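In: quick check, what structure comes out for this input:
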Amino acid sequence: MVGFGSKQAWLAVAGDDPAAVLEALGLRDLGPVPWREGIDLAYLTDDRVAVTPPLPGARDTHWILATGRIFFQQNNDVLALSEALGTEVQFFATHRVTELHRWQRAVKGELVRAFGYVGQTGDITSWHGEPGPAERAAGLPAELDEETTVLVGEMDVLKVADAWSIDPTTLTGRPATGPLRLGAI
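Out: Residues are numbered from 1 along each chain as shown. Okay, here's the model as predicted:
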């Protein structure tokens, strides 16, 4: 397998059916692709999404990861996706140039947690729900107020991803559990 995460956006979907994820995202299934080629296309194009097979991850759950630059550009409605698939869906994005860092978590159509931060301006762009242990370990306060300073980096996004589902940077070199699939907008 080939990892990803730096300067990228991705979804983590609890489940075992990559085809259902492709369909729910409205993507045309282009079929299996070598891991390196698929991840490269996810990084270098605006209309391709690499979708993993089910991978073992947090909470003894299988997670399907879908990654592509398109997730930076479109509104990622984790609520609608989690409701359509009847499962948990997470969204992560990190881009160290602008210090854009986001994560969201929805379960069966209900938003559980959302956090967004732009370090270039120091603005918190979204905050919904209470931070869990992984977020607190990343330095987030229990509650947000005007006197609280928040400083989040790329590694914090990856730590939250690891606690909630999978840190995709850890995939490199691990044996593949199946083929990587490529989807097109």
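In: alpha carbons only for contacts and neighbour counts from here, please
Out: Fine.
In: ok, residue 37 to residue 21 distance?
Out: Relative to residue 21, residue 37 is positioned 20 Å away (CA to CA, to the nearest Å).
In: next one: residue 104
Out: With CA to CA as the criterion, residue 104 and residue 21 are 17 Å apart.
In: repeat for residue 76
Out: 13 Å.
In: these two: who's more crowded?
Out: residue 21 (24 against 17; other CA atoms under 10 Å).
In: tell me the secondary structure for the more buried one?
Out: Secondary structure for residue 21, judged by DSSP: H, G, I helix; E, B strand; the rest coil, is helix.
In: ok, residue 111 next?
Out: On the three-state scheme (three-state DSSP), residue 111 is labelled strand.
In: what sits against it?
Out: Shown in contact with residue 111 (CA atoms under 8 Å, 6 or more residues apart in numbering): 78, 79, 104, 105.
In: can you pull the pLDDT of it?
Out: Per-residue confidence (pLDDT) for residue 111: 96.
In: does the residue nearest to residue 61 when sequence neighbours are not counted have beta-bridge partners, and which?
Out: Nearest residue to residue 61 in three dimensions, chain neighbours excluded: residue 14, at 6.7 Å (CA to CA, 6 or more residues apart in numbering). On the basis of DSSP bridges, residue 14 is bridged to residue 63.
In: brilliant, that's me finished.
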